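>>> sequence? don't have it. structure:
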């Protein structure tokens, strides 16, 4: 832990990753005492970490049950994806018009790193760290539209990451998602804004379809 990182920050970062990767499944209870036993320290930094997770919409307070990892209904997910597909497609169109050549080169390098990461996972998952290591974040940033950035990378960002990761662990989806990302970058590099927008729209819609199938399968197993 670096000198600048408090215990609350460390716990928050580790729990965010665990939630996004599904290691802490939706509905899992987060107890301050359990976290103290795991990380040490006192209850105060654990409370702070949980509050930060609440502010990121990754944790909700359930009456008489405490803090739990968020669990969205299919209807709620569709609502989020409907907004996401419109706004991210727009961001992708703007990125094709506004990203510099060096930023596009950085996108290609990022996807090369992602390809290596997928190979290391034997093609079973496609995990992207937050911020500049996240393909979608880079596209949104490349739109050079601060309002779009605020809307897509604000309160819903980590929640979307959580469900994006779930869709990436299905059979063959990691490789397909990477190929879709690569085609989007090529459209951006060609300055074909209309194609870039269409490819992003199809990519996000494919993710939603995959997520719906996965959730239906999980429901059927219960």
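Yes, it's here. Treat the numbers as computed from the prediction; the structure is a model and nothing was measured. Residues are numbered from 1 along each chain as shown.

>>> Residue 34 and residue 28: what is the separation?
Relative to residue 28, residue 34 is positioned 11 Å away (C-beta to C-beta, to the nearest Å). The way it works is simple: take the backbone N, C-alpha and C, and place the C-beta from them, glycine included.

>>> I meant to write residue 92 there.
Going from residue 92 to residue 28 by C-beta to C-beta gives 34 Å.

>>> Show me which of those two is the more surrounded one.
Using other C-beta atoms under 10 Å, the more surrounded residue of residue 92 and residue 28 is residue 92, with 27 against 15.

>>> residues touching the more buried one, list them.
Applying C-beta atoms under 8 Å, 6 or more residues apart in numbering to residue 92 gives the contacts 139, 143, 184, 188, 196, 197, 199, 200.

>>> which helix in the protein runs the most residues?
Secondary structure of the chain read by DSSP state H shows that its longest helix is helix 193-221.

>>> quick one: furthest residue from the center of the protein?
Most distant from the centre of the chain: residue 42, at 30.0 Å, with distances by C-alpha atoms, centre = their mean.

>>> How about the contacts made by the closest residue to that one other than its chain neighbours?
Leaving out its chain neighbours, the residue that sits closest to residue 42 by C-beta to C-beta, 6 or more residues apart in numbering is residue 36, at 6.7 Å. Applying C-beta under 8 Å, 6+ apart to residue 36 gives the contacts 42, 43, 46.

>>> any idea what sits nearest residue 200, other than its immediate chain neighbours?
residue 92 (3.8 Å).

>>> how far out from the middle of the chain is the helix or strand hosting the one you found?
Assigned by DSSP states H and E, residue 92 belongs to helix 74-98. In terms of C-alpha atoms, centre = their mean, to the nearest Å, the centre of helix 74-98 is found 13 Å from the chain centre.

>>> so how many other residues sit close to the nearest residue to residue 94 once chain neighbours are set aside?
Nearest residue to residue 94, sequence neighbours excluded (C-beta to C-beta, 6+ apart): residue 143, at 3.9 Å. Residue 143 has 23 neighbours, counted by other C-beta under 10 Å.

>>> Averaging pLDDT per element, find the lowest-scoring helix or strand in this structure.
The weakest-scoring helix or strand in the chain, judged by mean pLDDT, DSSP states H and E, is helix 157-168 (a mean of 81).

>>> between that one and helix 193-221, how many degrees?
Orientation check (axes from the mean of the first three to the mean of the last three C-alpha atoms, to 10 degrees): helix 157-168 against helix 193-221 gives 70 degrees.

>>> which strands and helices sit next to helix 157-168?
On a contact count with 3 or more C-beta pairs under 8 Å, 6 or more residues apart in numbering; DSSP states H and E, helix 157-168 meets helix 7-20, helix 74-98, helix 173-189, helix 193-221.

>>> Now do the same contact list for the spatially most central residue of the chain.
For the chain, the residue nearest the mean C-alpha position is residue 161 (1.3 Å; C-alpha atoms, centre = their mean). Residues near residue 161 by C-beta under 8 Å, 6+ apart: 20, 128, 130, 134.

>>> now it: how far from residue 84?
For residue 161, the distance to residue 84 equals 11 Å [C-beta to C-beta].
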